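Asks: Next input, structure requested:
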Amino acid sequence: MGKAAVSEPAGHHPAPTLRKMLDIVGSIATDLDIDETLQRIVDAAAELSGAGYGALGVLDDSTGPRRLREFVTHGISDAERARIGPLPTGHGILGVLIDHPEPLRIDDLGKHELSAGFPANHPPMSTFLGAPIRIGSRVFGNLYLTERQGGGPFTDQDAELVVALAAAAGVVIENARLYERLSRRRRWLEAAAEVSARLLGRPTLDDPSDVIAKFALAASDADTAVLLSPSPNGAGLQVAGSAGRLLHGLVTDQMRSAAGAVLGSGDPVSPQPAGDLMVRVGATERIAGVLWLRWSAERLDRVHEAVLESAEGFAEQVALVLEVALAQDDRARLAVFEDRDRIGRDLHDLVIQRLFAVGLTLENTSRLAGKGRVADRISTAVDQLDETIKDIRRTIFELANPQRPADLRDEIDATVTAMLPSLGFPPKVRTSGPVHSGVSDEIRPHLLAVLQEALSNVGRHALATSATISLDVADEVVLTVTDNGRGIRNGRLGNGLPNMAARAEDLGGSCDLGPAEGGGTMLVWRVPAP
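Replies: Next up, the predicted model:
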């Protein structure tokens, strides 16, 4: 056992193997992929030294006792590695080089006092040569070479070549890491640009939170990306969007609490050592959330030290994009309101006035016509004009008071569409009065539930071929569902009618079921309007 000599006598010319080493260094420097670079280095070290087996152990970045976080091998197949089991972390002879980063040569590993032996299914090894790889003043990792081909221990020349290769490898690795760092930052910038394009430019059906999680996952090479946002009721954080493997039970109360701390303080959670990274996305009243990335244990060694900085930059850009998107929505909504005001003015100043004038003309004509059928028809037309004017005025009121983003008529249509398979025919739908603004948030879910139950009964029991749905909103909210089926048979109503009646009674109303004019059944559900 002894340390490798690295000095050369004066006037010594490079041996052919040294020239070969220089050529090899040039070849490994042409590829800037860090994983490929590490593999080429260990392959070159084995070739130069004549070793049957080689490995490059990459050290972790901890400030405490350093151990191996990555182990790149030569001479061992994937199947053999699988049979050996977990990769070494740096005990025994490997730990000697970690604790004392100097070239090390051993003629017989089995006789060394610090030898810890080999795990099951590990190939036999006796001779050993090791050398540290430094990047500046810091040790990046170590080269481990065993079983010199041809028999015998490693020579001084072998040690010289490996030490020289390790010195050159440090420069190559640093260039590869710099390239990787720049590439990763570019990926984060491209991800932020793509999120901006999707949310501000290109139309997309995806939820914005899912879009953010999707591109954060791709940029970080993580297993899971989750975007958490405050719950509407203020009870902690909820999952707003996700991408990757969202494992069951992943979002625990503990993780919600950790995310809440990040949202409150703005201090990120580093991915080391647990594999979870959390950064805040916005901290305003309208934009606030936490981006959570998770790496599995087998992929954690791929997490670059600059990922936290990159993720924070991504989160800041995404928060700005979301603010701009909201501003765009505000401008679009303002334009809609202005358009509604214009339509309302036109309806009031032009349409209503003309209808009113037509009504006055018809009333005067009715007086000239005297009593009789013509006068009755004119009176009926005047009454219809009055109802039309009332409907237009209600429409003007609703245009100026959009209290809810979803129109109740749209929700009624959606309920009817969902029931079409059981009905077998499309029912007629008629509404009158301020349907959008005259039905409160308290009444709305009960009304839709009653409508669904009523249509379900028609589809299951009535044997009907047509049905009519009427919703009248004035002093009362009155829902009427009529069908042309066989009516109520055997007095069996099930639980549907009591449930509908209970909903009406809770709101101070009533629910009546009886025969319809001309046959069939008519349900009338009415509650006081707010």
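Asks: Over to the most centrally placed residue in the chain: give its phi and psi.
Replies: Computing the C-alpha centroid of the chain and ranking residues by Cα atoms, centre = their mean puts Ser242 first, at 2.5 Å. Dihedral angles of Ser242 (phi, psi; degrees, to the nearest 10) stand at phi -150, psi 160.
Asks: How about the contacts made by it?
Replies: Shown in contact with Ser242 (Cβ atoms under 8 Å, 6 or more residues apart in numbering): Asp210, Ala213, Thr224, Ala225, Val226, Leu227. Any C-beta I mention is one placed from the backbone N, CA and C, and that applies to glycine too.
Asks: hang on, the second one packs against Gly241?
Replies: Yes - counting by Cβ atoms under 8 Å, Gly241 is a contact partner of Ala213 at 4.4 Å.
Asks: Can you work out which residues contact both of the two?
Replies: With the criterion set as Cβ under 8 Å, 6+ apart, the overlap between the contacts of Ala213 and Gly241 is Val226, Leu227.
Asks: Of the two, which one has the most company?
Replies: Ala213 (26 against 21; other Cβ atoms under 10 Å).
Asks: Name the SS class of that one, please.
Replies: Judged by DSSP: H, G, I helix; E, B strand; the rest coil, the three-state class of Ala213 is helix.
Asks: Check the gap between Val524 and Ala454 for me.
Replies: Remark: distance between Val524 and Ala454 (Cβ to Cβ, to the nearest Å) = 10 Å.
Asks: which residues do these two both contact?
Replies: Applying Cβ under 8 Å, 6+ apart, one finds that Val524 and Ala454 are jointly contacted by Leu479.
Asks: Which one's more surrounded, the two?
Replies: For Val524 against Ala454, the residue with the higher neighbour count under other Cβ under 10 Å is Ala454, and the figures read 26 against 16.
Asks: Just give the closest residue to that one, not the sequence neighbours.
Replies: Val481 (4.2 Å; Cβ to Cβ, 6 or more residues apart in numbering).
Asks: Who does the one you found form a beta bridge with?
Replies: When bridges are assigned using DSSP bridges, the partners listed for Val481 are Ile469, Leu523.
Asks: For it, give its distance to Leu447.
Replies: Using Cβ to Cβ, one gets 11 Å for the distance from Val481 to Leu447.
Asks: cool, and Glu194?
Replies: According to Cβ to Cβ, Glu194 and Leu447 sit 43 Å apart.
Asks: What segments of the stretch 351-500 of the chain are strands?
Replies: Using DSSP state E, counting those that start in this stretch, the strands of the stretch 351-500 of the chain run over 428-432, 467-473, 476-483.
Asks: can I get the CA coordinates of the longest one in PDB?
Replies: Same thing as strand 476-483. Coordinates of each C-alpha in strand 476-483 appear next as PDB, following Å, rounded to 0.1, in the frame of the first residue of the first chain:
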ATOM      1  CA  GLU A 476     -92.700  34.300  -5.800                       C
ATOM      2  CA  VAL A 477     -90.400  31.800  -7.500                       C
ATOM      3  CA  VAL A 478     -92.700  29.200  -9.000                       C
ATOM      4  CA  LEU A 479     -91.400  26.100 -10.800                       C
ATOM      5  CA  THR A 480     -93.900  24.100 -12.700                       C
ATOM      6  CA  VAL A 481     -93.200  20.700 -14.300                       C
ATOM      7  CA  THR A 482     -96.000  19.200 -16.400                       C
ATOM      8  CA  ASP A 483     -96.000  15.900 -18.400                       C
END
